[in-house]
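Novice: Show me the folded form of this:
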Amino acid sequence: MVSSIANSLGFGSGIDTKQLVTDLSNASRDPKIKRMTSLTQANQTRISALAQARSDLEGFADSLGQMISDGTLRSTPTVSDESVLGATARAGLAADSFAATVIVNQLARAQSNYSGVVADRAAAIGTGTMTLTVGGVAKTITIGAANNSLDGLANAINASGAGVTASIIADEGGHRLILKGPSGAANAFTLAADAGADPGLSAFATAGGMTQGQSAANAEFTIDGVTFSRATNIIDDVVPGMSLTLKKAAPGQPVDIGASRPLDMIKQTVGDFVSVYNQLKKSLASAAGLSGSTSSLRELERELSGLVGKVISSHGSINKLTDIGIATTKEGLLSLDNAKLAKVLETDAGAVEALFNPRRDATHNETTDPGIAFALDAIRDKAVATDGVIDRVTKSLEGTKKTLAEQLEKIEVREDVYRKRLEKQYGALDARLAAFKATQTYLEQQIKLWTNQGND
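Specialist: This next block holds a predicted model:
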């Protein structure tokens, strides 16, 4: 009887209290940790999707901007004789509206003077002041005890800020001082010893001392018979969108200049634009489709979608991407009608080029002709700016990440406390069971003893 009662109470059942504590602790902890792990993974998925969308957006804008800045989409100047002049493109060159004939009559020159041979460049040359005049602006050159030498004079001229460069070259028997001013007739210069200066300084005056190597002169050239004069041989302000470099004088020798348009590159760029846009749109849609704060990326999706119908040039009829065969599909992606693009290029290639490589001149600027790259940059800059949609979503996701980590840490602390409480409770139970078991053993022994005595 006693044996069956003891067994029903679990006495002597060999309960593994250590495993019991572990099982109870895990039963409490595991669902909570599993839930937090799931939330953390979902948040990290959002962070990764947002990072990919941002990377695609910035890469798209940067690559398109780079193509424009390096001239990939720009009309290219053509020159019939590059030994006489060279030409490079700048924003604003219109290949279909420019051709001219240039005659270079004279190159721009800078005045140069050189001194006689000085045996020792460190030897004294005399003290006093000299006046260096360039284009009517005078600078005082002071030679004292500390800089009384050819080196000292050269350093003083270079430090004057007059625009004249002084250098010293080795020559047979010693050294010469060489002076060179800026190019252009207006930049002719004089260097004169002032009254009271030591006589030795007169040897470095441009009048009666140094010898003139060449005189200052302007570049003289004509474009389609119109005469121009410039102080340098690099001409940026005559031909719209083109920088000319005059290389040699060739009076009476006409040089034809024009421009050719990179039609194949423009076609490829339009196609690439559609492909990369679609990739960006998919990554944004993927990020925006996730539950949580990333859904606000729909705002950015809408702005990108608006690019297709946005007016980005001042051309009367070809000023949007839709005008060159780009359209939006029902899925929100872009498609390209190559036949329409080819027809528009045939009709007005310059207008197509201007969408990607906008003209820049007196009447074409970032307001009138932003171009697709500028418009895309504006969307990118707005999105990543402080409190922009990407910035807001990023902060929200990072905040959630931090909160989840803190919650996980608190759960671990609470579950650790719970486990320790279980260990304490079941440790006490273990002790009681041991005591009960000892009592059971004693009683069993007594009953057995009583039974044996009764049988006697």
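
Novice: Dihedrals phi and psi, Ala193?
Specialist: Dihedral pair for Ala193: phi -80, psi 130, per degrees, to the nearest 10.

Novice: Next one, pLDDT for it please.
Specialist: What the model reports as pLDDT for Ala193 is 95.

Novice: Apart from its neighbours in sequence, what residue is nearest it?
Specialist: Nearest residue to Ala193, sequence neighbours excluded (CB to CB, 6 or more residues apart in numbering): Leu201, at 4.2 Å. All C-beta atoms are positioned from the backbone trio N, CA, C, and that covers glycine.

Novice: Give me the longest strand you can find in the chain.
Specialist: In the chain, taking DSSP state E as the definition, the longest strand is strand 174-183.

Novice: Give me the contacts around it.
Specialist: Contacts made with strand 174-183 from outside it, assessed by CB atoms under 8 Å, 6 or more residues apart in numbering, are listed as 108-121, 134, 150, 153-154, 157, 163-169, 187-189, 191, 204, 206, 210, 213, 216, 231-233.

Novice: Give the buried residues for that strand.
Specialist: For strand 174-183, the neighbour count (16 or more other CB atoms under 10 Å) marks 175-183 as buried.

Novice: about what we covered before: can you report how many residues neighbour the residue nearest to Ala193?
Specialist: Neighbour count for Leu201, taken as other CB atoms under 10 Å: 23.

Novice: tell me the phi and psi of it?
Specialist: Here is the backbone geometry of Leu201 (degrees, to the nearest 10): phi -70, psi -20.

Novice: Among the contacts of strand 174-183, which ones are in helices?
Specialist: Of the contacts of strand 174-183, the ones assigned to helices by DSSP state H are 150, 153-154, 157.

Novice: quick one: which of the residues you listed has the most company?
Specialist: Leu153 leads the ones in helices among the contacts of strand 174-183 on contacts (other CB under 10 Å) with 25 neighbours.

Novice: State the distance from the closest residue to Ala186 other than its chain neighbours to Ser229.
Specialist: Among residues not flanking Ala186 along the chain, Gly135 sits closest, at 5.2 Å (CB to CB, 6+ apart). Separation of Gly135 from Ser229 (CB to CB, to the nearest Å) stands at 16 Å.

Novice: How about Met265?
Specialist: Going from Met265 to Ser229 by CB to CB gives 37 Å.

Novice: what does the domain assignment say about this structure?
Specialist: What automatic domain parsing lists as the domains of the chain is 1-74+262-456, 76-107+219-260, 110-214.

Novice: buried set for stretch 306-318?
Specialist: Neighbour counts over stretch 306-318 (16+ other CB under 10 Å) mark 307, 310, 312-315, 318 as buried.

Novice: Distance from it to the middle of the chain?
Specialist: 26 Å (CA atoms, centre = their mean, to the nearest Å).

Novice: First-to-last residue distance for it?
Specialist: 17 Å (CA to CA, to the nearest Å).

Novice: for stretch 359-368, same thing?
Specialist: OK, stretch 359-368 end separation, CA to CA: 10 Å.

Novice: Going forward, the N-terminal residue is numbered 826.
Specialist: Okay, residue one is now 826; in that scheme the one you just asked about reads as stretch 1184-1193.

Novice: now it: how far from the chain's centre is it?
Specialist: Distance, centroid of stretch 1184-1193 to centroid of chain: 24 Å (CA atoms, centre = their mean).

Novice: Show me where this structure has its helices.
Specialist: For the chain, helices defined by DSSP H occupy the ranges 827-833, 842-894, 975-984, 1088-1113, 1123-1130, 1163-1181, 1196-1209, 1214-1280.

Novice: thinking again about what came up before, got the angle between the longest strand of the chain and helix 975-984?
Specialist: Put simply, strand 999-1008 runs at 10 degrees to helix 975-984, going by axes from the mean of the first three to the mean of the last three CA atoms, to 10 degrees.

Novice: Using CSV, write out the CA atom coordinates for strand 999-1008.
Specialist: Taking C-alpha atoms only, strand 999-1008 is exported to CSV below (Å, rounded to 0.1, in the frame of the first residue of the first chain):
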residue,chain,number,x,y,z
GLY,A,999,77.4,82.2,-65.7
HIS,A,1000,73.6,82.8,-65.6
ARG,A,1001,71.0,85.0,-67.1
LEU,A,1002,67.7,86.4,-65.7
ILE,A,1003,64.7,85.7,-67.9
LEU,A,1004,61.5,87.7,-67.6
LYS,A,1005,58.2,86.6,-69.2
GLY,A,1006,54.8,88.3,-68.9
PRO,A,1007,51.3,87.1,-69.6
SER,A,1008,50.4,86.8,-73.3
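
Novice: For the stretch 1076-1225 of the chain, which residues score under the pLDDT cut-off?
Specialist: 1115-1120 (pLDDT under 70).

Novice: Grab the nearest non-local neighbour of Asn973.
Specialist: Ala949 (4.6 Å).

Novice: Equivalent analysis for Gly1038, please.
Specialist: Per CB to CB, 6+ apart, closest to Gly1038 is Ser937, 3.9 Å.

Novice: ok, the one you found to Ser1008 distance?
Specialist: In terms of CB to CB, Ser937 sits 11 Å off from Ser1008.

Novice: Thought Ile968 was touching the residue nearest to Ala1018, still the case?
Specialist: Yes: using CB atoms under 8 Å, Leu1026 is in contact with Ile968, at 6.6 Å.

Novice: From Ala1011, how far off is Gln936?
Specialist: Going from Gln936 to Ala1011 by CB to CB gives 11 Å.

Novice: Now the common contact residues for these two.
Specialist: Here Gln936 and Ala1011 share the contacting residues Ala1041, scored by CB under 8 Å, 6+ apart.

Novice: okay, these two: which has more neighbours?
Specialist: The neighbour comparison of Gln936 against Ala1011 (other CB under 10 Å) goes to Gln936, with 24 against 12.

Novice: and the more buried one, what does it touch?
Specialist: Applying CB under 8 Å, 6+ apart, we find Gln936 in contact with 1005-1006, 1012-1014, 1037, 1039-1041.

Novice: circling back to that earlier point, which residues are in contact with the residue nearest to Ala1018?
Specialist: 950-953, 955, 968, 1018.
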